[in-house]
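Undergrad: My questions concern the predicted model and sequence given below.
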Amino acid sequence: MGETRVINAELRGIGVARGIAIGRAHLLAPSELEIKQYNVQRADVLHEVARLNNAFSLVRAELEELRSTVSADAPGEVKAFLDLHRMILDDSLLCDAPRDLVRSRLINAEWALTIQLEELCRQFDAIDDEYFSSRSLDVRQVVERVLRRLAGGRPAVAMLPRQLAEGERLVLVAHDLAPADVLQLKERAGVNLAGFVSEAGGPTSHTAILARSLGLPALLGVAEARESIAEGDLVVLDSDGGRLIVNPDSALLETYRQRIQEEGLHRAELRKLKGRIARTADGIPVQLLANIEMPEDARDALEAGADGVGLFRSEFLFMNRDQLPSEDEQFEAYAKVARSMKGKPVVIRTLDIGADKVLTSSARLSLGMLPGDGIEEPNPALGLRAIRYCLAYPELFLTQLRAILRASSQGTVRILVPMLAHVHEIEEAMAFVARAKEQLKDRRQKFDARVAVGGMIEVPAAALTLPAFVSRLKFLSIGTNDLIQYTLAIDRNDSAVAHLYDHLHPAVLQLIHRTIRTGEKARVPVSVCGEMAGDVVLAELLLGMGLRQFSMNPSQLLTVKQRVFELSTRTAARLAARVLRSHDPIEIRRAIERGSANGRAAPRPPLPVAPALAQLSP
Ligand code: PEP
Ligand code: MG
């Protein structure tokens, strides 16, 4: 394969997490990740069962054909392996159980098959025996073949990553990776995972955010990646430069190895700032907080010297599992973060499930389905997401609120409600908090009765009706990732429109400024917790708009801190005034660039300037 491949072939994409990864490419089969799940009408059950039967027959024939083509001198294990797969395929636990699931739960064939697969693998994994754990891999491979047939595709490619030589790591290449997939892959591949590439995805998709928080170099929106990269190719993933080099020659490889070393030295320099309080050159203190996804990430927040956790995306605790976390499990997770931050504020966002962050099918079933639930939403980003989801499932919401409230007895905890657009949503959310408090009082469990409840400003409707928000909430947090998505009507996960996702669009800037100013007047603290807060190039503009609380991925915190020391609020205010007067994207970008050039050489930004603007560059 290697000899016929082009050396130093370059692919472009959106680099979403800092760093460089060098590794062997592993191409993920689409059916490993893209399993459609939907409900079927009772009248369609027979059809769905027939699809299953047909797919099983095709795989049976496929295995038989494979067996007949095995050459006589092939090692005996090859035939044994195929026989084993045939046995698994015919086992009633695999071929009968999904049919029953289709009938009893009215779900599609793929969904039923994956539920049963997870059940079988869970049973295998529970047996502490290497032989049985490797059998669960065989079951997965067989199911993979069936799923491929259900999707009308060709026989499956091997699902297992290739064998790695000593010291080698993997760069995964897929069409699309949901956040849940990334978590799973990281778990499966462990330290062997060096980074990933996907054809789909935008710079502020949750997949991108997760890559940043896992410290995994990643490149999204790489057109035709799977056509251009072959299994096992050596690749250099340069996330900072937004490029992927396929089959690099030794000189290029060496250059990148040196850059990895330099990055390490630069990070060591930054770490010296950890203990210092962030203050502008004219002495104004600025709070730099951390965004975290899992309780363990609190360690990164502390290591970066964060002033607290400005956003704990609690929904990641709920993903990739068939049973939702109980109140006690949630309490432990939230309390762990609250305790480890030692009195520093910890803002826990209530469940923001929906859109690209989905619960497993079993978890959703366990909630009891709403009418129409389980049927794929036509526009999930505009659908049952975040507070809408919580209000639709009161028990889910109450359980979480009780757990957060209980954790408030262990530190300085605040509750943040995502995606609010209507006054009645704020009021309903507050009523739920009050009910959760009553329940805890009845149980005589401790909580901080004055726990602050705040709201995210991430829907333009909220940013345009701020008086209703500041009069009811104790703090606001601007979620610029969604605010941009909903203001510009750009799906943040869609690589086809990623070039239009522009954080410097005047409409976006006006809404951010409006929110900061209204909060200031009403004495309601406002932070920015979207990716803009961690973009060092934008620090001066946000500071100039009056922002004093920035919440970001811990990996970006020290770079932004270094920048804050260089900035003066007076100059920043002049820059912001100039930018806010303009409706011309090129003028806005030039003003910001001039601002950065006035400081010491600004480190490379963690996010590219909006691609739309980059194209307008003279
Ligand atoms: C945002 O929308 O900016 C935000 C911080 O929330 P999330 O990225 O989790 O949607
Ligand atoms: Mg959001």
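TA: Sure, I can see it. Residues are numbered from 1 along each chain as shown. Ligands and ions are numbered 1, 2, ... in the order given.

Undergrad: Just give me the neighbour total for Asn8.
TA: Counted with other Cβ atoms under 10 Å, residues neighbouring Asn8 total 13. Yep, even glycine has a C-beta here, placed from its N, CA and C like the rest.

Undergrad: and it, how far is that from Arg24?
TA: Noted for Asn8: a distance of 17 Å to Arg24, by Cβ to Cβ, to the nearest Å.

Undergrad: One more: Gly232?
TA: Counting by Cβ to Cβ, the gap from Gly232 to Arg24 is 6 Å.

Undergrad: higher neighbour count, the two?
TA: Set Gly232 next to Arg24 and count neighbours by other Cβ under 10 Å: Arg24 wins out with 20 against 16.

Undergrad: Please report how far that one lies from ligand 1.
TA: Distance of Arg24 to ligand 1, computed by Cβ to the nearest ligand atom, to the nearest Å: 31 Å.

Undergrad: Let me see the backbone angles for that residue.
TA: Dihedral pair for Arg24: phi -90, psi 130, per degrees, to the nearest 10.

Undergrad: what's the answer for Ala25, then?
TA: phi -70, psi 140.

Undergrad: so it bridges to which residues?
TA: For Ala25, the beta-bridge partners are Val171 (DSSP bridges).

Undergrad: I'd assumed Ala230 was in contact with it.
TA: Yes. Counting by Cβ atoms under 8 Å, Ala25 touches Ala230, with 7.1 Å between them.

Undergrad: Show me where the stretch 251-400 of the chain has its helices.
TA: 298-303, 327-340, 361-367, 387-392, 394-407 (DSSP state H, counting those that start in this stretch).

Undergrad: Least confident of the ones you listed, on average?
TA: Ranked by mean pLDDT, those end with helix 361-367 at the bottom, a mean of 76.

Undergrad: and it, what other elements does it pack with?
TA: Contact here means 3 or more Cβ pairs under 8 Å, 6 or more residues apart in numbering; DSSP states H and E; on that basis helix 361-367 packs against helix 109-126.

Undergrad: pLDDT (mean, whole number) over the helix it packs on?
TA: 86.

Undergrad: Close to ligand 1: what parts of the stretch 251-400 of the chain are there?
TA: Within the stretch 251-400 of the chain, the positions adjacent to ligand 1 are Leu311, Arg313, Asp352 by Cβ under 6 Å from any ligand atom.

Undergrad: Spit out the contact partners of the second one.
TA: With Cβ atoms under 8 Å, 6 or more residues apart in numbering as the criterion, the residues that contact Arg313 are Ile209, Asn291, Ile292, Glu293, Arg349, Asp352.

Undergrad: what about the closest residue to Thr114 other than its chain neighbours, which SS state?
TA: Closest residue in space to Thr114, ignoring its immediate chain neighbours: Ile35 at 5.5 Å, by Cβ to Cβ, 6 or more residues apart in numbering. State at Ile35, reduced to three classes by DSSP: H, G, I helix; E, B strand; the rest coil: coil.

Undergrad: on that earlier part again, where strands are concerned, which of the residues of the stretch 251-400 of the chain next to ligand 1 count?
TA: Among those, the members falling in strands (DSSP state E) are Leu311, Arg313.

Undergrad: Which positions in the stretch 51-200 of the chain make contact with ligand 1?
TA: Taking Cβ under 6 Å from any ligand atom as the criterion, the stretch 51-200 of the chain has no contact residues with ligand 1.

Undergrad: The residue in the stretch 51-200 of the chain positioned nearest to ligand 1: neighbour count?
TA: Closest contact between the stretch 51-200 of the chain and ligand 1, by Cβ to the nearest ligand atom, is at Pro179 (9.6 Å). Other residues within reach of Pro179, judged by other Cβ under 10 Å, total 24.

Undergrad: just the one 4 residues further on next, same as before
TA: As a burial measure, Leu183 scores 18 neighbours (other Cβ under 10 Å).

Undergrad: Same check on Arg589?
TA: 21.

Undergrad: any chance you could map the strands in the stretch 101-250 of the chain?
TA: In the stretch 101-250 of the chain, the strands defined using DSSP state E, counting those that start in this stretch lie at 170-174, 193-198, 218-220, 234-238, 243-246.
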